[in-house]
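Enquirer: one predicted model, sequence on top.
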Amino acid sequence: MKKKLNLFSEIIMYLALLAQMLYVLIGNTVHEILGIVFFVSLVVHIFIKRWWFRAVTSGKGRKGKAGIFANIVIILLILTSITLMISSMGVSRILFPWFKFMMEPLFHRYLATALLTLSIVHGGMHFYFKAKAKKRAVVLITLLAIAGLAIGLALVPYLNRHLRKVEVAFDEKVRGEKVEMTEEIPLVVYFTRVGNTDFEPDVDAVSGASLMKADGVLMGNTQLMAFMIQDAIGSEVIPITLTGEKYPSSYMDTVSVGSRELKEDARPAIEDIDISGHNKIILVYPIWWGTVPMPVATFLEANDFTGKTIYLLATQGSFGFASSTSDIKKMAKGAEVVEGLSIYCDDIPNARTEITEWLKKIE
Ligand SMILES: Cc1cc2nc3c(=O)[nH]c(=O)nc-3n(C[C@H](O)[C@H](O)[C@H](O)COP(=O)(O)O)c2cc1C
């Protein structure tokens, strides 16, 4: 009975973990419920295997290099599980919305990847101890562990980019608290794929779209942020618009074009933007290959920023500003460049409050 319950809890854990990693396919509600299922099964599993703690502390556990390795994996598994449980509550939107600690989604994803990989190695060690061909067992466990890492680090972001279609209600996400600017209202200039890409009329059919729709209208991440600022401070908002060839509709093709443009240090032609009447400019841009998209470079080099301040609001699929800040300083001659926020792409629809608080700091 105990053995059966243990096997059942193990199978549930592996399945729940794998299904949860396919977040983009199952959606947030199922993801959170499966999280509970996972942690309940984990508690059951640990309870059944509680003898392990006694064995390890009394020195009666498995011996030899493989035994020590298996024990280290178990300790890492326990530590990762506890941290993942806290971070799961931190990123939860339905079950634990009041929990405001470890709220970083990317950290959550890395923890889940670590847990999946360690779980595979842990399961693999049981197999190793029983296997006759030890070397073959090691190769198999290594390959499966690499597969676990690949699922978390490559497949999940890939699915996110290709299948993610976010639908938001514009007013609910964009409208909010107003911020009074004491001196002048900054001009907002943004660059996004939408408006600079040859999307087909039936854009939902575009492969690798990774697109957001606000009230059914296609919208870029930076564009939504620009509108949030506009609603808060009543600023003028100007998009950086290509005049020549647009980016391809496939996300991956755009990634390749972006890479080529960076290598060639290209300056794609854009429509003129008049910044002469403004001393403060908020530049909203996505990180492309660790820096600004090249059309943003065109904008920065085409204008005289002497005596002006540029506030940076970036978005990315990882974290931070990468080398965009130092590159912008070189490109925008005469400008004072001030880092503002860099928001993870998935967090943008819910970033109105964060943006408002930041705007309050710009005098
Ligand atoms: C060509 C290209 C290159 C990118 N390079 C990076 C990168 O180096 N680091 C990163 O974190 N995100 C990168 N991303 C992800 C974008 O920064 C992210 O999806 C952003 O929110 C897109 O904003 P948008 O919808 O306004 O275009 C890249 C996206 C594209 C299209």
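Expert: Received the coordinates, thanks. Numbering: from 1, shown residues only.
Enquirer: any idea how far residue 80 is from the residue in the stretch 1-150 of the chain that the ligand sits nearest to?
Expert: When scored by Cβ to the nearest ligand atom, the stretch 1-150 of the chain has residue 106 as its residue closest to the ligand, at 9.4 Å. Heads up, the C-betas are built off the backbone N, CA and C, glycines and all. Relative to residue 80, residue 106 is positioned 16 Å away (Cβ to Cβ, to the nearest Å).
Enquirer: looking at those two, which is more packed in?
Expert: With neighbours defined as other Cβ atoms under 10 Å, residue 106 and residue 80 compare such that residue 80 has more, 19 against 16.
Enquirer: if we can go back for a sec, is the residue of the stretch 1-150 of the chain closest to the ligand in contact with residue 344, as I believe?
Expert: Yes: at 6.2 Å, residue 106 and residue 344 qualify as touching, with contact defined as Cβ atoms under 8 Å.
Enquirer: what residues does the stretch 51-200 of the chain put near the ligand?
Expert: Applying Cβ under 6 Å from any ligand atom, we find that the stretch 51-200 of the chain lies next to the ligand at 192-193.
Enquirer: and the residue of the stretch 51-200 of the chain found nearest the ligand, what helix or strand is that in?
Expert: Nearest to the ligand, among the residues of the stretch 51-200 of the chain, is residue 192, at 3.5 Å (Cβ to the nearest ligand atom). Under DSSP states H and E, no helix or strand contains residue 192.
Enquirer: from here on, count from 21
Expert: Sure, I'll start counting at 21 from here, so that last one is residue 212.
Enquirer: once you drop chain neighbours, what's closest to it?
Expert: Residue nearest to residue 212 in three dimensions, not counting chain neighbours: residue 240, with 2.7 Å by Cβ to Cβ, 6 or more residues apart in numbering.
Enquirer: number of residues surrounding the one you found?
Expert: When neighbours are counted by other Cβ under 10 Å, residue 240 registers 23.
Enquirer: and what of residue 39?
Expert: Counted by other Cβ under 10 Å, the residues lying close to residue 39 total 16.
Enquirer: list the residues that contact it.
Expert: 46, 50, 54 (Cβ atoms under 8 Å, 6 or more residues apart in numbering).
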